[in-house]
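Trainee: no FASTA, just this:
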């Protein structure tokens, strides 16, 4: 947050209160975007002219099967321990995907970065569904 504080201090004392609040809000929103790996990846892609639409889906068949399998396991889970185990596996996939995503950006391979961002979106949605899991309740994923 030190960087955010420096940006805020650069505004100076002569900035009016409303403008000051607006800029502060923009700084906070930017900070939150950069903290979250998914929103950060989407933002970096947008800066490079690549949009990820809600309709963009997984092109890799094996990944699609993996995501559908995880969803099915979550739907079939009967105990919180089963869900916790699935969440742990999913967290490992998320961590690995973030590493691949970082490498794709370092290599400036924007198509791969887009693919990993879409994968991260699916895995993040699975994590949210697992976190919100309730016994005998249908699983709803939002993409």
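Mentor: All right, it came through fine. All values reported here derive from a predicted model rather than from experimental measurement.
Trainee: and residue 27, how many neighbours does it have?
Mentor: By the criterion of other Cβ atoms under 10 Å, residue 27 has 17 neighbours. For glycine as for every other residue, the C-beta is placed from the backbone atoms N, C-alpha and C.
Trainee: got it, and residue 104?
Mentor: Residues near residue 104, counting by other Cβ under 10 Å: 19.
Trainee: give me the element it is part of.
Mentor: Secondary structure from DSSP states H and E places residue 104 in helix 80-106.
Trainee: again with residue 72
Mentor: Assigned by DSSP H and E, residue 72 falls within helix 61-76.
Trainee: show me what secondary structure element comes after the helix holding residue 104.
Mentor: As assigned by DSSP H and E, the chain's next helix or strand after helix 80-106 is helix 110-131.
Trainee: okay, the angle between the helix holding residue 72 and helix 80-106?
Mentor: Angle, helix 61-76 to helix 80-106, by axes from the mean of the first three to the mean of the last three Cα atoms, to 10 degrees: 160 degrees.
Trainee: helices or strands up against helix 61-76?
Mentor: In terms of contacts (3 or more Cβ pairs under 8 Å, 6 or more residues apart in numbering; DSSP states H and E), helix 61-76 is packed against helix 80-106, helix 110-131.
Trainee: which one of those helices lies closest to residue 49?
Mentor: Of all the helices and strands packed on helix 61-76, helix 110-131 sits nearest to residue 49, with 8.7 Å by Cβ to Cβ.
Trainee: any residues touching the closest one, and which ones?
Mentor: Surrounding helix 110-131, the residues in contact under the criterion Cβ atoms under 8 Å, 6 or more residues apart in numbering are 37-38, 41-42, 44-45, 48, 50, 52, 56-60, 63, 67, 70-71, 74, 83, 86-87, 90-91, 93-94, 97-98, 100-101, 104-105, 139-143.
Trainee: can I have the buried ones of the residues you listed as a PyMOL selection?
Mentor: In PyMOL, this line selects whichever of these come out buried by 16 or more other Cβ atoms under 10 Å:
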select buried, resi 37+38+41+42+44+45+58+63+67+70+71+74+83+86+87+90+93+94+97+98+100+101+104+105+139
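Trainee: coming back round to it: so how far is the helix holding residue 104 from its chain's centroid?
Mentor: In terms of Cα atoms, centre = their mean, to the nearest Å, the centre of helix 80-106 is found 11 Å from the chain centre.
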